Every structure is written in C-alpha cells, then in structure tokens.
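Visitor: Need coordinates for the below:
(chains A and B)
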Amino acid sequence: NAGVTQTPKFQVLKTGQSMTLQCAQDMNHNSMYWYRQDPGMGLRLIYYSASEGTTDKGEVPNGYNVSRLNKREFSLRLESAAPSQTSVYFCASSLSGRETQYFGPGTRLLVL
Amino acid sequence: RKEVEQDPGPFNVPEGATVAFNCTYSNSASQSFFWYRQDCRKEPKLLMSVYSSGNEDGRFTAQLNRASQYISLLIRDSKLSDSATYLCVVTAMDTGRRALTFGSGTRLQVQP
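Guide: Residues are numbered from 1 along each chain as shown, chains lettered A, B, ... in the order given. Model prediction:
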C-alpha cells in the first residue's frame, strides 16, 4: 500500500516550458487535491477533484490545468512555466471531501 | 489579515520541556480543526484533530476556543523527534465543498 505517490520528485524548467506533474493514490479515495507550498505562505489549494470526472478551481488556479484521469490519478499541468511557479507541489487525497487528507511526498519545481 | 495565523517561531526548547503553540482563525463559520506535522522537506501528516471539548493523545493536547477563535497545541516532555513544523488547519464549507485552510506553520526545535 503506497498511499499517495508523485512524480517527478524534482524538476528544473526554463520559462515557457510545459510539464505535467503526476499523482496517484491506491486508497480508493474519491477526492484528490493539488497544493503548492511557498515559504511563509502555507499550503494553497490550486485545484481539486471531488470525485472521478469532476474538477474545480481552488485558491490559486491561474497558470495550471488538471485532469482526473480515473479514480486513482490526478495530474497537474503547467502549459507555460513562469518563475512565479517555482514551488513545492503536493498532491493529496481523501475518502470524501469531509475526511482527513493524505499527502504525497511532493514535487520540487524550479523555473528559471 | 490571513485566514489562519500562526507564530512562525522558531521555538527552541530543551528536551523534556513543555511547549505550547496557538493558532487564530478569522472565519467564525469554521467547522473542523486539525494540527498537522511537517518534517523538513517532507509532506504534512495529520497529528491530531481538535475537538470542542479538547482532546489528548499521549504527550499532545489540543484545545479549541470558539469564542476567541483560536486553537492550541501543547506538547509535554518534548523529545528531539518532536522537532518539526506544526501546521494549523481549519475547515469551512465553501459552496458545498469542505475547504481546508492551512496556516504557514510554527517551527519547533527541541535541543539536547
């Protein structure tokens, strides 16, 4: 039982490049989330998916897109990376929107 | 004003000390409260939920004061392994979704 997994662990991009962050969970959770964590800011919600087939914007969605590929997988895409997107990205899941969230190990992204 | 505010610390305490953190929140409609622990360069993990009547888990005690809109975490007999950042998390219903708001964390360093 791996819990929540994320790939890649680290990534360096140049401004304007695109990439997709992958997240998968094996806990049969319905809800999945993408957060970013910046120094002094706490975790901020980018997008979430309450259930398979649905996605909604969170607090800071600009510059990102998401896909809930199936119940297990929820990906985050940066179409044209900007230095302001340098951050640590965490994926999380919960059984439903009312339950404790479990986090993946994070992806450290540097945009030059 | 941030929705959830925490003293960033660091709190430097000797082993065996008792230390307390507070967290204030601005949304009076907040419904659920949690403390998460985050080790350096790792993902957040649930430490404990905070109930209205207060609750204890071993050396950890959490309290909620709805009237003053703050929650607290007390750690007794601090261990070196308690060194981490403690995140206050508050939830409220937002357009039908349970929205989690994270504080930016309080850093604890327990010294030998």
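Visitor: Give me the contact status of stretch A:53-66 with chain B.
Guide: Yes. Among the residues of stretch A:53-66, residue A:56 lie within reach of chain B under CB under 8 Å from any CB of the partner chain. Quick note: C-beta positions are derived from backbone N, CA and C, even for glycine.
Visitor: Contact partners for the closest residue to residue B:81 other than its chain neighbours?
Guide: Excluding the flanking residues, the one nearest residue B:81 by CB to CB, 6 or more residues apart in numbering or on different chains is residue B:110, at 7.9 Å. Residues near residue B:110 by CB atoms under 8 Å, 6 or more residues apart in numbering or on different chains: B:13-15, B:17, B:78-83.
Visitor: Buried residues of stretch A:15-31, list them for me.
Guide: A:21-25, A:29-31 (16 or more other CB atoms under 10 Å in any protein chain shown).
Visitor: Got the phi and psi for residue B:80?
Guide: For residue B:80, the backbone dihedrals (degrees, to the nearest 10) come out as phi -60, psi -40.
Visitor: tell me which element the most centrally placed residue in chain A is part of?
Guide: Note on chain A: the residue nearest the mean C-alpha position is residue A:34, at 3.0 Å, using CA atoms, centre = their mean. In this assignment (DSSP states H and E), residue A:34 forms part of strand A:31-38.
Visitor: that older thread, which SSE is the residue nearest to residue B:81 in?
Guide: In this structure, residue B:110 sits in strand B:106-111 according to DSSP H and E.
Visitor: Chain B against chain A: which residues are in contact?
Guide: Residues of chain B lying near chain A (CB under 8 Å from any CB): B:4, B:8, B:34, B:41-46, B:49, B:87, B:97-105.
Visitor: Which ones among the residues you listed map onto strands?
Guide: B:4, B:34, B:44-46, B:49, B:87, B:97-102 (DSSP state E).
Visitor: Just send these back as a markdown table, with neighbour count and pLDDT too.
Guide: Shown next, in a markdown table, are those (neighbours: other CB atoms under 10 Å in any protein chain shown; pLDDT from 0 to 100):
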| residue | neighbour count | pLDDT |
| --- | --- | --- |
| B:4 | 22 | 91 |
| B:34 | 21 | 93 |
| B:44 | 26 | 95 |
| B:45 | 14 | 95 |
| B:46 | 15 | 93 |
| B:49 | 15 | 91 |
| B:87 | 25 | 95 |
| B:97 | 17 | 62 |
| B:98 | 18 | 63 |
| B:99 | 18 | 72 |
| B:100 | 25 | 81 |
| B:101 | 22 | 87 |
| B:102 | 23 | 90 |
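Visitor: what's the closest of those residues to residue A:52?
Guide: Distance to residue A:52 across these (CB to CB) is lowest for residue B:97, with 15.9 Å.
Visitor: burial count for residue 32?
Guide: Since you didn't name a chain, this refers to chain A. Other residues near residue A:32 come to 29 when the count uses other CB atoms under 10 Å in any protein chain shown.
Visitor: Actually, chain B is the one I wanted.
Guide: Residue B:32, neighbours per other CB under 10 Å, totals 17.
Visitor: which residues of chain A fall in strands?
Guide: Using DSSP E, strands in chain A cover A:4-7, A:10-13, A:19-25, A:31-38, A:42-49, A:56-57, A:64-68, A:74-78, A:87-94, A:102-103, A:107-111.
Visitor: ok, residue B:20 touching residue B:70?
Guide: No. Using CB atoms under 8 Å, residue B:20 makes no contact with residue B:70, being 11.4 Å away.
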